[in-house]
Structures are given as C-alpha cells and as structure tokens.
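Peer 1: Please find the sequence and the predicted model below.
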Amino acid sequence: MWRGGSRRGVRGGRGFERGARLVLLGALLAALGVPLGAGPAASAPTFTRPPLTIAMIGETTGLGAPLFQNSPEGFLARIDLQNARGGVDGHELVPLIINDQTNPTTDATAVQEAVSRGVIGIVADTPLFYAGYKYATAAGIPVTGGGFDGPEWGERPNTNMFASDVGSWDPRFPAYTSTGAFLRSLGGTVLGTYGIGISPSSTDGARGAALSFQRAGGKVGVVDTTVPFGTVDFTTEALLARQKGVNAVWAGMGNNQNFALATAFKQAGIRLKAVLFPTGYEEDIVHQPVWQDLLGDDFSSEFRPTAIPDAGTRQMVAALRKYQKRSPSNFPTYDVYESWLGADLLIKGLEHAGPTPTHARVITALRDITSYNGNGLLPVPIDYSTIFGHDLPKQCSWIMRATKKGWVAVSTRPYCGTIIPESSTTSGS
C-alpha cells in the first residue's frame, strides 16, 4: 500500500475482455444449438512427486477482518491455477490457510503451526506477522507476502523473507516525494496525517506523509500516530484538525477507520482540498452509505487496477472467476492482490529450486530473482538479489478517485516519487 511518502499505510470494470469473449462464445454456441461445455473434457493433471504444502497466514476474523477477510481467494486461486498446469515439477501444491484472528499471540501460534505441519513456504497476508515471523526465520522457512506489518522484512537475520509487494524495508524508513507532491498538486496547504499506534508501518506512513508534504512546500498541522486499532470515533481528531486549519489528509488505517475519519471531518464542516487513502479502493464501497462522504477523495493502489488491464490483471481476474467464483465486476481487493502475489512469488521460487525443493533451495532461488513484477501487477520490478535491507528507489501507485459515476482513474499511468535524501520516519526522527 502507498506508504504515504514513506512505507505503506497500514501495513490499499477492466480486464473484462476475456469475460466478454466467453459471453459472446456462449451466446454463439447456444444459437447453434451446442450445449455449453460441449467438447472434449480437459484431462486432470498427473502429479508424479510428493505434494508440497504452502501455508497462508491471514486474518479472516477479528478487527482486521474487514480489510483482510478476502485474502484466501487470491492465495487459493493462484495455487489452483498452478495445479491446473501440473503443479511444480510434478509436485501438487496443497494450500493451508491459518487464521491469526487479528491477535498477535495467535499469529505467533499460527506460524508455529505452519512450521509443525512441514510447509515448504509461508505466505503472510496480515498486519500482525511481526508477532510470529521469528519462528519462520528460526526454522529457515521461506516467507513471501505483504511487507506492510513491520521492519522485519529488511532486518537480519530474516533473509528468508521476501516482500512480494515492495521487496524489502530500509531500517531508516525513508520518505518519498510522491504523497506530498500529489496532495499539493490538488491545492492542499495544511496536512493532517493519521496512523495506528500498534502498527509500525502505519505510524511510519503518517510520519512519511508529513515529511513528503513539507518537502513539497506544505505545512503540517497534525501528525497523529497514536490512533487505537479499531476505533471509529474521530470527533476529537476532527475538531483539532479544524482548529489547525487542515485542508489535506493522508490516513494509513483500515477502511472502517479511514472512512469514519472522512465522515467525522465532513460532520465537523471541514472543507478538504485533497484526501489520499492507501486502502479502500474496492468495488463494494460504491454501494455503501459512506460513499457520499468519500466523493472527490483519492485512493492509491500499489497494484495495477483491473480497470487498466494488462496480461497480469486478465490472468488474475480469470483465475478468481474460475476457481473462486468471484465476478469480474467485483474487482480484486488489496488483500486479494497481496495473497495472489505472495503465492505467485513463492511458486516462482519453487519453480527455480529444482525437482526436489528444500527450504534452503527455495530461499536461494528467490534471492536469485532479479526482475519480479507479478506479471505486470507491480509498477516497479523488484531485484531480490539486491533489495534486502533497502527500499525501492522509486515508489509508484495508481490513483483512483471516488466520483458520482463510481471509480475513475486519475491517470492510466502510475504516479511516482523518489526517496527524499537523508529522510527517516522512525520514531523521534
């Protein structure tokens, strides 16, 4: 997720050509009197080697469920797609989904369970993985997934960890120019930023947005990095923002909290010139009452939206439709992208680890990947041979705007920024 000039906030109809062709083909066959599904049935793949279990650790219940409850869909669809191709070197991939219940203690237990089940790798799609990653590192198990929960993705000895969205973390947590420049371009002059106190990436994002905005010539009115996880009462925050003259906002919280903040600002009579949320770009938001409070706001997507299709989005949409019955009109959410990419990257490591993969061989294979972009889903390719302990030199996201007509892309090209030299968003910097 766009980390607001720094990392990624919380840590959030295209590609329909394939669907349209299928509809047209179905209509044609029906007109010719040919029943749908006619023709030779595809033969099931034959697996000649022992199965390999891949675990996904997410949170489908608890406070984090509204943002992460769909994550199994991307994970399962990518594995099903691979198995339909014959698996990896004759190995069938067996998915194992473990719910950490949005609880740090349970997350640690979840990682231990995955280790005890003999998994070949772990896909992390939870903001609480910082609570359990040490067990995966101690066991030497490769980990892929969303690097949005904490700095462990770039800290030694965790060289078994590969963030499939941003590559790694720089312990200095540098800020980027992108957020500030974008908000200033919309007329923002005084910024308010908000982050969840228990989430390093969320507080990092709030501080990074402030640094980025100052770099772009703006003034910072509020930097609140103590927001309780799950709270939806922002009356006090809105009153303070009005007092400080805030007219631009960046908030790196979950959807419910970001949207509650937007509603509180509207109720307080604050006229905002620029708003940027790193999560929330989802199809069903359009049909919720809060949509009226979000009109005109912008949402960043660090993954290529299906409304701006390419081979990667078409592949993902088709697999989600086939294996998870997800309608193309219900475009993938942030958590689905994260779990899909986590599975995809781990599969790439397995494919290059040889016919008898081990944890060590998969880790070596992943570290040898020099240009990974998730088949076009990522705006900037990742070189895993050099990225560990560093941030990407350029940060890019697509921007989608909430309008009365629904979601509209601000541009078909991603909006990019570079690292602000010598910047750091660590606490107290």
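Peer 2: Ah, there it is.
Peer 1: Could you chop the protein up by domain?
Peer 2: 46-171+307-392, 178-305+395-418 (automatic domain parsing).
Peer 1: Just put those domains in a markdown table and tack on mean neighbour count and mean pLDDT.
Peer 2: Glycine gets a C-beta too; all of them are placed from N, C-alpha and C. Putting these into a markdown table (neighbours: other CB atoms under 10 Å; pLDDT from 0 to 100) gives the following:
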| stretch | mean neighbour count | mean pLDDT |
| --- | --- | --- |
| domain 46-171+307-392 | 21 | 96 |
| domain 178-305+395-418 | 21 | 95 |
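Peer 1: can you put these in CSV and add distance to T425?
Peer 2: Shown next, in CSV, are the domains of the chain (distance: least, CB to CB, whole Å):
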stretch, distance to T425
domain 46-171+307-392, 10
domain 178-305+395-418, 4
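Peer 1: For the closest residue to V111 other than its chain neighbours, give me its contacts.
Peer 2: In this structure, V111 finds its nearest non-sequential neighbour in G132, 3.4 Å apart by CB to CB, 6 or more residues apart in numbering. For G132, the contact set (CB atoms under 8 Å, 6 or more residues apart in numbering) comprises 57, 100, 107-112.
Peer 1: Phi, psi for G132 please.
Peer 2: For G132, the backbone dihedrals (degrees, to the nearest 10) come out as phi -130, psi 0.
Peer 1: so how far is I399 from it?
Peer 2: Distance, G132 to I399, by CB to CB, to the nearest Å: 34 Å.
Peer 1: just the strands in the stretch 101-250 of the chain please.
Peer 2: Counting by DSSP state E, counting those that start in this stretch, the stretch 101-250 of the chain has strands at residues 121-125, 143-145, 161-163, 190-196, 219-227, 248-252.
Peer 1: nope, the stretch 251-400 of the chain is what I was after
Peer 2: Using DSSP E, counting those that start in this stretch, strands in the stretch 251-400 of the chain cover 274-277, 298-301, 394-403.
Peer 1: And those strands: which comes nearest E92?
Peer 2: strand 298-301 (32.9 Å; CB to CB).
Peer 1: which SSE is S411 in?
Peer 2: Counting by DSSP states H and E, no helix or strand carries S411.
Peer 1: show me the contacts for the nearest residue to V275 once chain neighbours are set aside.
Peer 2: Sequence neighbours aside, D297 is the residue nearest to V275 in space, at 4.1 Å (criterion: CB to CB, 6+ apart). Residues near D297 by CB under 8 Å, 6+ apart: 262, 275-277, 401-402.
Peer 1: if you set the cut-off to 7 Å instead, what comes out?
Peer 2: With contact taken as CB atoms under 7 Å, 6 or more residues apart in numbering, D297 is in contact with 262, 275, 277, 402.
Peer 1: quick check, nearest of the residues you listed to T235?
Peer 2: For the contacts of D297, the nearest to T235 is A262 (13.2 Å; CB to CB).
Peer 1: how near is the closest residue to that closest one other than its chain neighbours to S116?
Peer 2: Residue nearest to A262 in three dimensions, not counting chain neighbours: D293, with 5.0 Å by CB to CB, 6+ apart. Separation of D293 from S116 (CB to CB): 46 Å.
Peer 1: residue ranges for the helices of the stretch 151-300 of the chain, please.
Peer 2: 178-185, 200-215, 235-244, 255-267, 291-294 (DSSP state H, counting those that start in this stretch).
Peer 1: E282: which of these is closest?
Peer 2: Closest approach to E282 among the helices of the stretch 151-300 of the chain is made by helix 255-267 (7.5 Å; CB to CB).
Peer 1: Can you name every helix or strand that the closest one contacts?
Peer 2: The elements that helix 255-267 packs onto, with contact taken as 3 or more CB pairs under 7 Å, 6 or more residues apart in numbering; DSSP states H and E, are helix 65-68, helix 235-244, helix 291-294.
Peer 1: which other residues reach that helix?
Peer 2: Counting by CB under 7 Å, 6+ apart, 66-67, 194, 227, 231-232, 234-235, 237-238, 241, 251, 272, 275, 277, 279-280, 290, 293-294, 297 sit against helix 255-267.
Peer 1: circling back to that earlier point, give me the subset of the contacts of G132 lying in helices.
Peer 2: Within these, residues falling in helices by DSSP state H are 107-112.
Peer 1: where does the residue nearest to V275 sit relative to G221, distance-wise?
Peer 2: On the measure of CB to CB, D297 and G221 end up 18 Å apart.
Peer 1: what's the closest of the helices and strands packed on helix 255-267 to W407?
Peer 2: helix 291-294 (10.4 Å).
Peer 1: Check which helices and strands that closest one sits against.
Peer 2: helix 255-267.
Peer 1: what angle do the helix it packs on and helix 200-215 make?
Peer 2: Relative orientation of helix 255-267 versus helix 200-215 (axes from the mean of the first three to the mean of the last three CA atoms, to 10 degrees): 40 degrees.
Peer 1: next one: helix 255-267 to chain centre, how far?
Peer 2: 21 Å (CA atoms, centre = their mean, to the nearest Å).
Peer 1: Could you export that helix as CSV, CA atoms only?
Peer 2: C-alpha atoms of helix 255-267 as CSV (Å, rounded to 0.1, in the frame of the first residue of the first chain):
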residue,chain,number,x,y,z
ASN,A,255,-11.1,1.0,5.7
ASN,A,256,-13.5,1.4,8.6
GLN,A,257,-11.3,3.8,10.4
ASN,A,258,-10.3,5.8,7.3
PHE,A,259,-13.9,6.2,6.3
ALA,A,260,-15.0,7.1,9.8
LEU,A,261,-12.4,9.8,9.8
ALA,A,262,-13.7,11.1,6.5
THR,A,263,-17.3,11.2,7.9
ALA,A,264,-16.1,13.0,11.1
PHE,A,265,-14.4,15.7,9.0
LYS,A,266,-17.5,16.2,6.9
GLN,A,267,-19.7,16.5,10.1
